[in-house]
Every structure is written in structure tokens, then in C-alpha cells.
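Participant: test case, fold it:
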Amino acid sequence: MLNTLLPTANGLDMIQAWFLRLGSPIFAAPLAQLFQQSLAAGVAPRQWKSAVITPAPKVATPTQPSDFRPITITPVLSRSLERFVVRKYIYPALLQPNLTLYFRDQFAFIRLDYCCNRCDYAHRALNVEQQRLRPCLRLRFFEGV
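Facilitator: Sure, this is the predicted structure:
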């Protein structure tokens, strides 16, 4: 996973992707253990929860705060773990749902609640996948979430 990192901005930890990519033979085992411990405990390291937030202008000449949008840059290791969790657990749960689940699948015909129903379905799908996988999959990337 480390040897496939693309050049990207580094977060507050100042660890750059090229450094992790070059040192992947040395860093792979300790980072794999750290990732496994994070997944087992359900908590990411505190340093991975910090981010650099940079305002980027939405318009050519910004004049007020609403003319900017926030760009959040988290540490490379945090993004790597997040990418792993999404690819390994979340995509399969959403793309190949367990057919024994009870769910309302008529989202397109519900005008006001489409987003809520889709989120409810995703939550139920992840809960079933979580029960199947043991140890359970729960990971907090941000405080208060």
C-alpha cells in the first residue's frame, strides 16, 4: 500500500508521501501493526485527526468569507488508512449488500427522504457486515463524530 502512494500534500505531521514510498520496505510492518491496532480499537491516533484547513477562492476576486471554500489536508497515513477502510469494508458492503437484509429499496420514488433513506440503508448494511467480520469495524477519524 505504501509503495503505491502518489505525490500529495502532507498534513501537520509533515510526513511526505515520497518518504513513505521510498521507505516502504522498512515502514510496512510497523505501520501495518499500527493500522491493525487502530482498526481493532476503533480509534485513529490523535495526530491523524488534525488537519490543515486552507481557504481556496471560489471566485476570481473574493471579497467576503463566503467566496472561499475550505480545503482540508489530513496526514498521508490517515488518508491511507481511510482509503484502506473504504476499499476493504465500505465499498463491498454497499456494492454487494447482504440479500437477507430488510431494507426499503425504493429510494428513487421517495421525494423528500432520499438521502436519509440511502444513509439508513448504508448504516444497516455496514452493521450487518460488521457483525459478520468480527472484530467489529468502527473507526473514528474526527472527534465528536
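
Participant: where does residue 17 land on pLDDT?
Facilitator: Looking at residue 17, its pLDDT is 81.

Participant: wait, it sits on residue 8?
Facilitator: Yes: look at residue 17 against residue 8 with CB atoms under 8 Å: they come within range, at 5.0 Å. C-beta here means a position set from N, CA and C on the backbone, and glycine is covered the same way.

Participant: compare the two (neighbour count), which wins?
Facilitator: residue 17 (18 against 12; other CB atoms under 10 Å).

Participant: re earlier: which neighbours do residue 17 and residue 8 have in common?
Facilitator: Common neighbours of residue 17 and residue 8, counting by CB atoms under 8 Å, 6 or more residues apart in numbering, are residue 76.

Participant: helices of the protein, residue ranges please.
Facilitator: Remark: helices assigned in the chain by DSSP state H are 17-22, 24-41, 76-85, 91-95, 114-133.

Participant: next one: residue 48 from residue 93, what distance?
Facilitator: Distance, residue 48 to residue 93, by CB to CB, to the nearest Å: 23 Å.

Participant: comparing those two, which shows the higher neighbour count?
Facilitator: More neighbours surround residue 48 than the other of residue 48 and residue 93, with 24 against 21 (other CB under 10 Å).

Participant: for the more buried one, give me its contacts.
Facilitator: 13, 74-75, 77-78, 81, 141.
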